[in-house]
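Undergrad: Just need the structure, nothing else, for what follows:
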Amino acid sequence: MPKDTQFTGRVKRINSLILQALIPQAFIPWIIPFLFILIWFTASENQVFPSYLVPHPFDIAKTGYFYIFGKTGEIPFSGRFLQDALSSLNRVFLGFFLSAVLGIPLGIVSGRVKNVHRLLSTSINGLRAVPGISWLPLALVWFGIGIKTTVFLIASASFFPVYLNAVSGSRQVNPLLLQAGAMMGVSSTRGIFHILIPAAMPHLVTGLRLGLGISWAYLVLGELTGVPRGLGAVIMDARMIGRIDIIIVGIIIIAALGRASDLLLCILLKLCFKSARRIM
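TA: Presented below is the predicted three-dimensional model:
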């Protein structure tokens, strides 16, 4: 190995060790949020933006405290958090569950059987090009205002990443693995669960995580239709009366719950599948 390359490698290792010593690993994910809040705080203190457009972080923290821990009716929106969060979590879970139950089996079959792929590809690729907001008027006519419309929008949006990643994952599994399993007496059904799904697991995990993230994005769209409870409904109500602080609190809570649900999904996948533990 050339001396320059060895020197560069040593410098990189030394820099990495210095970085690990200065910044504990547990703090690294919080660097960007901390810098964002620091910039926001500095800008607010220097009145870079009008407070009615970008409230001070302290005001946001105060509003968030009353929204989460306050008594109902103490101030507008206080004490609503638990009911809103439970309503939104219920809608996200149902929509995401439907998309996973439909998308994974259909994607695996489509990835392994050419005629099924030919049958489905044109329709699914056409439908996934339709913007989600285009389904909103139709969903309101079909299901009315309420949980069904929101679940329909979430399921229809999160289905496509789950399905497409299942197609890609199952298609890339080497047929020799399935043939070797058949020669060793593994039945077709066992081959799916013990060979095909573990081999396609990286794509399945990616599709599920993408689908869950899109579920949260479409939750807000579904709850903007006039439902009484939900984090999206809070954002809509706050917009109607010009409460920017409540809108920002709603956005922060959705981001926190979205991240928490993503971590929970990864933990569940690791508990249920050995192949998932090897890639996460």
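Undergrad: so who does the nearest residue to Gln83 once chain neighbours are set aside touch?
TA: Nearest residue to Gln83, sequence neighbours excluded (Cβ to Cβ, 6 or more residues apart in numbering): Arg229, at 5.3 Å. C-beta coordinates here come from the backbone N, C-alpha and C atoms, glycine included. Contact analysis of Arg229 by Cβ atoms under 8 Å, 6 or more residues apart in numbering lists 80, 83-84, 87.
Undergrad: Now render the residues you listed as a markdown table, adding neighbour count, secondary structure and pLDDT.
TA: Output for the contacts of Arg229, formatted as a markdown table (neighbours: other Cβ atoms under 10 Å; DSSP: H, G, I helix; E, B strand; the rest coil; pLDDT from 0 to 100):
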| residue | neighbour count | secondary structure | pLDDT |
| --- | --- | --- | --- |
| Arg80 | 21 | coil | 89 |
| Gln83 | 13 | helix | 91 |
| Asp84 | 22 | helix | 92 |
| Ser87 | 21 | helix | 92 |
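Undergrad: can I get those residues in JSON lines with distance to Leu176?
TA: As requested, the contacts of Arg229 are exported to JSON lines (distance: Cβ to Cβ, whole Å):
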{"residue": "Arg80", "distance to Leu176": "57"}
{"residue": "Gln83", "distance to Leu176": "54"}
{"residue": "Asp84", "distance to Leu176": "52"}
{"residue": "Ser87", "distance to Leu176": "49"}
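Undergrad: Out of these, which is nearest to Gly185?
TA: Within the contacts of Arg229, distances to Gly185 taken as Cβ to Cβ reach their minimum at Ser87, with 50.2 Å.
Undergrad: isn't the closest one right up against Gly230?
TA: Yes. Under the criterion of Cβ atoms under 8 Å, Ser87 makes contact with Gly230 at 4.6 Å.
Undergrad: element containing Arg278?
TA: Secondary structure from DSSP states H and E places Arg278 in helix 274-279.
Undergrad: again with Ala61
TA: Using DSSP H and E, the secondary-structure element containing Ala61 is helix 57-69.
Undergrad: same for that helix, what does it pack against?
TA: Other helices and strands packing on helix 57-69, by 3 or more Cβ pairs under 8 Å, 6 or more residues apart in numbering; DSSP states H and E, are helix 31-45, helix 81-112, helix 244-272.
Undergrad: Could you give me the buried positions within it?
TA: 57, 60, 63-64, 66-67 (16 or more other Cβ atoms under 10 Å).
Undergrad: export the residues you listed to CSV and tack on pLDDT and distance to Ile133?
TA: Formatted as CSV, the buried residues of helix 57-69 follow (pLDDT from 0 to 100; distance: Cβ to Cβ, whole Å):
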residue, pLDDT, distance to Ile133
Pro57, 93, 31
Ile60, 93, 28
Thr63, 92, 28
Gly64, 92, 28
Phe66, 91, 32
Tyr67, 91, 27
